[in-house]
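In: kindly return the folded structure for what I paste below:
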Amino acid sequence: MAEALREVETTRDRQIWSPISVWSLSIGIVLTVLATNAGSYARFILHATRLDQNHLSMAAVVPLMVLVLFANRFLKLSRGELIVIFVMPLIGATMPTYFIGKMVANFTVPHYLSSPENQWTVYYETLLPTWTVVPGGEGLRWFFEGLPRGASIPWTIWLVPVFWWMTVIVAYYGCALCLMVILRKQWVENERIEYPLMEVPLAVLEEPKEKGFFRIPILNLPLFWIGFGLTFFWVLWNVINHFNPSFPQIPWRYPNVVFDRAFPPMRCGITRRGWN
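Out: Model (predicted):
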């Protein structure tokens, strides 16, 4: 009986102190919308940094740091609420650019890029089910070349293929959710596997034990600023070289490491561009 009462009290406490609150959900939804739009705008309009095409999306990490450093002084959000706010844009930002961009190409490119030279009409398009692709015509051409002034978006040609490709997204997320449920207990509770990229947001969400200038404890460590300063100096130095090629550059790509002709070379570089 006592154990049952303790379980009821524990459950009641969890319900009272649940991190899924009105504030956490509201802020999380706003940041998710901003993250998804910022990622698409930065990639397709500005052709700049891919904010959300990473294993740890900057479109989710940067707003979290701003929220903890400045806004949380007034909002007084708990650590659990901040985790909810961080996870929502982190998951949402993975879809719009890289995944959705490639998926949209699957059902728009076949008819748009069809030409007499590639003979897609003869050898390729006849094998495609009509409900999986957008039919050719002005509506499809407007999607790539821009909508004429005064014309309305031809939604009817998009409804069928978008609906069926959305089932792919639902199946993908459902499969990922099931795998997470199956593997979570073994990995998280039994083996306690650490995910190194999560050390960054965990450090941001760490409760300050001592008073410091910043509310994020790691920002009060001199070692952090030494590492940040070296990296930031490297970036700024190469920015000058970008606009003035005669200015010397700090190399970020290095010769491949080769052990033997029978083994593939190991590419070495500081940034992702080093793998190109």
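In: domain ranges for the chain, per the record?
Out: Domain ranges of the chain: 1-93, 222-275, per automatic domain parsing.
In: tabulate the ones you listed (JSON lines), appending mean pLDDT.
Out: Output for the domains of the chain, formatted as JSON lines (pLDDT from 0 to 100):
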{"stretch": "domain 1-93", "mean pLDDT": "78"}
{"stretch": "domain 222-275", "mean pLDDT": "82"}
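In: so which of those is the most surrounded?
Out: domain 1-93 (a mean of 16; mean count of other CB atoms under 10 Å). Any C-beta I mention is one placed from the backbone N, CA and C, and that applies to glycine too.
In: just the strands from the stretch 151-276 of the chain, written as ranges.
Out: Counting by DSSP state E, counting those that start in this stretch, residue ranges of the strands within the stretch 151-276 of the chain are 253-257, 266-269.
In: and the ones you listed: which comes nearest residue 155?
Out: strand 266-269 (45.1 Å; CB to CB).
In: can you point me to the longest helix in the protein?
Out: helix 156-184 (DSSP state H).
In: coming back round to it: quick check: which of the domains of the chain is nearest to residue 196?
Out: domain 1-93 (9.6 Å).
In: for the residue lying closest to residue 48 once chain neighbours are set aside, give me its contacts.
Out: Nearest non-adjacent residue to residue 48, counting by CB to CB, 6 or more residues apart in numbering: residue 42, 4.9 Å away. Applying CB atoms under 8 Å, 6 or more residues apart in numbering to residue 42 gives the contacts 48-51.
In: show me those that map onto helices.
Out: Using DSSP H, none of the contacts of residue 42 sit in helices.
In: ok, those residues vs residue 217, which is closest?
Out: residue 51 (25.8 Å).
In: got phi/psi on that closest one?
Out: phi -70, psi -30 (degrees, to the nearest 10).
In: now it: closest residue in space, sequence neighbours ignored.
Out: residue 59 is the one closest to residue 51 (CB to CB, 6+ apart), at 4.2 Å.
In: the helix or strand containing that neighbour packs against which elements?
Out: Applying DSSP states H and E as the criterion places residue 59 in helix 58-66. Secondary-structure packing of helix 58-66 (3 or more CB pairs under 8 Å, 6 or more residues apart in numbering; DSSP states H and E): helix 22-40, helix 79-92, helix 199-204.
In: which non-adjacent residue is nearest residue 135?
Out: residue 157 (5.9 Å).
In: tell me who's in contact with that neighbour.
Out: With CB under 8 Å, 6+ apart, residue 157 has these contacts: 134-135, 137, 139-140.
In: could those go into TSV alongside secondary structure and neighbour count?
Out: As requested, the contacts of residue 157 are exported to TSV (DSSP: H, G, I helix; E, B strand; the rest coil; neighbours: other CB atoms under 10 Å):
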residue	secondary structure	neighbour count
134	coil	22
135	coil	11
137	coil	12
139	helix	17
140	helix	20
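In: contacts for stretch 185-204?
Out: Contact partners of stretch 185-204, identified using CB under 8 Å, 6+ apart, comprise 55-56, 61, 64-65, 68, 86, 216-218.
In: buried residues in it, which are they?
Out: Under the neighbour-count criterion of 16 or more other CB atoms under 10 Å, stretch 185-204 has 201, 204 buried.
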